[in-house]
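**Student:** Have a look at this prediction, sequence included:
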Number of protein chains: 2
Amino acid sequence: MKPNLVETMKELALLGAIHEHIPVSTSKLGRLMGVSQQSASVRILQLLEAGLITRNLAARRQQLRLTEKAMEILHSMYASYQKIFEMEATLTVKGVVDHGLGEGFYYMSQEDYRKQFRSKLGFDPYPGTLNLKIKGREMGKLEVLRTADGVQIEGFINGNRTFGGAHCFLASLSDVDCAVIIPVRSHYSDVLEVISRHHLRRKLGLKDGELVEVDITL
Amino acid sequence: MKPNLVETMKELALLGAIHEHIPVSTSKLGRLMGVSQQSASVRILQLLEAGLITRNLAARRQQLRLTEKAMEILHSMYASYQKIFEMEATLTVKGVVDHGLGEGFYYMSQEDYRKQFRSKLGFDPYPGTLNLKIKGREMGKLEVLRTADGVQIEGFINGNRTFGGAHCFLASLSDVDCAVIIPVRSHYSDVLEVISRHHLRRKLGLKDGELVEVDITL
DNA sequence: ATTACTAATCGCCGAGTAA
DNA sequence: TTTACTCGGCGATTAGTAA
């Protein structure tokens, strides 16, 4: 489909030529698109030719209406733009499944953490974390996560031990809902920690060294 | 902005050239847009000239990324399409304010109805309805409402009296949120009933015989 | 493989104008 | 007023090709 004609259909749609025939003069249409009356006239003829509009030429002013076919084309354009602006709020990070140090279980067993995850993320996390080792160029994305605004998790003291704060982002890993955690005191690290309602490693059959992608919602 | 260049920016955005520079060959880009490699090359040069993309030409494959300015243009396109497809889901009906028969108050006082309106429409309706008499050509739109899917309100029995079900649609009348009700057993009728959190007649200073428009969300 | 130049062609644009 | 024709001009496209 020619971009010029799509543009013309878009203008007609904005004028309301969707449910009914509406009066649109070629000069008005031209002005709206920043082209001459003559060019607008040509475009209308092309749209008619392609079966994208119907016309009532009975009255002194022509009446135009977009066809179903035209609306389908416009909707596919709309879908593209939706994709773009939903994608903009998403960050995809590739990482390799890494053996945990067993620390994840210890941290995620702390009731003070669990309580916050339940209320702030909306799920009760499985006690344990899936560690992803991030390589090379992908590491710039970790930097983005460190500086972005996420859901805040407060630190606390339990007994004589201090547990640090963190912020996290909802995410999905192979279509399974999860979240990634960025510790507040995160010195340089190439490991991304993922938590979920499920035991991700078992549920997805993951093995050490396997490459996965996490889609993170910013 | 030229439609051809907007189209090119859209393709680049779909390829993810938003947050980072991504490798895109001119032949691949041309294929995606249905033009030749040469044309794609020219378009890239034009986008560079206009400050709409930046390029790393260091590697064997050029790397492209859209600028802020480009994203603003794409977002305005997105906004246009949103307008179109929100508009499409809206039906505007003209009607004349009609004196009620006092029935509205009786119905809307039934707690079984009110409960459903609260939970399904999100507001507690003022006990009473505003009746609009629909004339002539506009009546076809009532037919659309009867056949469309709306929010279902269940009928019930209170004492020895049966109250019928209905379906309704969120709407707005002079920018005041409201809803229109279509009784399930709606024999032919030229009256449209409007409910709202407010007493519409008073809030909007409506008088019998006044012409108003309701924007109904399908 | 790439990118992008040249040159020829295609087709879009708009002034003038008819109906 | 409309719509839409002709036609000169120029921008857009592409095949061929260089680097």
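**Tutor:** On my side now, so go ahead.
**Student:** domains for chain A, by residue range?
**Tutor:** Chain A breaks down by automatic domain parsing into domains covering A:3-84, A:90-217.
**Student:** Nearest to B:Leu173, out of those?
**Tutor:** With Cβ to Cβ as the criterion, B:Leu173 lies closest to domain A:3-84 of these, at 19.7 Å. Where C-beta positions appear, they are placed from N, C-alpha and C, glycine not excepted.
**Student:** what bits of chain A have low per-residue confidence?
**Tutor:** A:87, A:101, A:186 (pLDDT under 70).
**Student:** Chain A against DNA strand D: which residues are in contact?
**Tutor:** Within chain A, the positions near DNA strand D by Cβ under 7 Å from any atom of the strand are A:24-27, A:37-38, A:41, A:44-45, A:57, A:60-62.
**Student:** Just the buried ones from those?
**Tutor:** A:24, A:26, A:41, A:44, A:62 (16 or more other Cβ atoms under 10 Å in any protein chain shown).
**Student:** So which elements touch the biggest helix by length in chain A?
**Tutor:** Ranked by number of residues, the top helix in chain A under DSSP state H is helix A:68-87. Counting contacts by 3 or more Cβ pairs under 8 Å, 6 or more residues apart in numbering or on different chains; DSSP states H and E, helix A:68-87 is packed against helix A:3-14, helix B:3-14, helix B:68-87.
**Student:** Contacts (any at all) between chain A and the second one?
**Tutor:** What that stands for is helix B:3-14. Yes. Applying Cβ under 8 Å from any Cβ of the partner chain, one finds helix B:3-14 in contact with chain A at B:3-4, B:6-7, B:10, B:13-14.
**Student:** my read: A:Ser27 touches A:Gln38, true?
**Tutor:** No. Between A:Ser27 and A:Gln38 there is no contact under Cβ atoms under 8 Å: 9.4 Å.
**Student:** would JSON lines of the domains of chain A with distance to B:Gln82 be doable?
**Tutor:** What follows is the domains of chain A, written out as JSON lines (distance: least, Cβ to Cβ, whole Å):
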{"stretch": "domain A:3-84", "distance to B:Gln82": "8"}
{"stretch": "domain A:90-217", "distance to B:Gln82": "19"}
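**Student:** DNA strand C is nearest to which of the ones you listed?
**Tutor:** domain A:3-84 (3.3 Å; Cβ to the nearest atom of the strand).
**Student:** Check the offset of the closest one from the chain's centre.
**Tutor:** On the basis of Cα atoms, centre = their mean, to the nearest Å, domain A:3-84 sits 30 Å off its chain's mean C-alpha point.
**Student:** ok, which stretches of chain A are helices?
**Tutor:** A:3-14, A:26-33, A:37-49, A:68-87, A:103-108, A:111-121, A:139-147, A:200-203.
**Student:** Just name the most buried of the ones you listed.
**Tutor:** helix A:3-14 (a mean of 21; mean count of other Cβ atoms under 10 Å in any protein chain shown).
**Student:** So it, near DNA strand C or not?
**Tutor:** Yes. Contact of helix A:3-14 with DNA strand C (Cβ under 7 Å from any atom of the strand) involves A:Asn4.
**Student:** Please save the CA atoms from that helix in CSV.
**Tutor:** Coordinates of the C-alpha atoms in helix A:3-14 are reproduced here as CSV (Å, rounded to 0.1, in the frame of the first residue of the first chain):
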residue,chain,number,x,y,z
PRO,A,3,2.1,5.7,2.0
ASN,A,4,0.4,8.6,0.3
LEU,A,5,-2.9,6.8,0.0
VAL,A,6,-2.6,5.5,3.6
GLU,A,7,-2.1,9.1,4.7
THR,A,8,-5.2,10.1,2.8
MET,A,9,-7.3,7.4,4.3
LYS,A,10,-6.0,8.4,7.7
GLU,A,11,-7.2,12.0,7.2
LEU,A,12,-10.6,10.8,6.0
ALA,A,13,-10.9,8.6,9.0
LEU,A,14,-10.1,11.6,11.3
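**Student:** residues in contact with that helix?
**Tutor:** With contacts defined as Cβ atoms under 8 Å, 6 or more residues apart in numbering or on different chains, helix A:3-14 is touched by A:24, A:29, A:32-33, A:40, A:43-44, A:46-47, A:50, A:52-53, A:64, A:66, A:70-71, A:73-74, A:77, B:3-4, B:6-7, B:80-81, B:83-84, B:87.
**Student:** got a list of what A:Val151 touches?
**Tutor:** A:120-121, A:167-170, A:179.
**Student:** I'd assumed A:Leu57 was in contact with A:Leu48.
**Tutor:** No. A:Leu48 is beyond contact range of A:Leu57, at 10.1 Å (criterion: Cβ under 8 Å).
**Student:** Which residues are in contact with A:Asp208?
**Tutor:** A:97-99.
**Student:** top of the residues you listed by neighbour count?
**Tutor:** Most neighbours among the contacts of A:Asp208, by other Cβ atoms under 10 Å in any protein chain shown: A:Val97, with 20 neighbours.
**Student:** Might one say that it is in contact with A:Gly209?
**Tutor:** Yes. A:Val97 is in contact with A:Gly209 according to Cβ under 8 Å; the separation is 6.5 Å.
**Student:** Between the buried ones among the residues of chain A next to DNA strand D, which sits nearest B:Asp215?
**Tutor:** Looking across those and measuring by Cβ to Cβ, the closest to B:Asp215 is A:Val24, at 22.3 Å.
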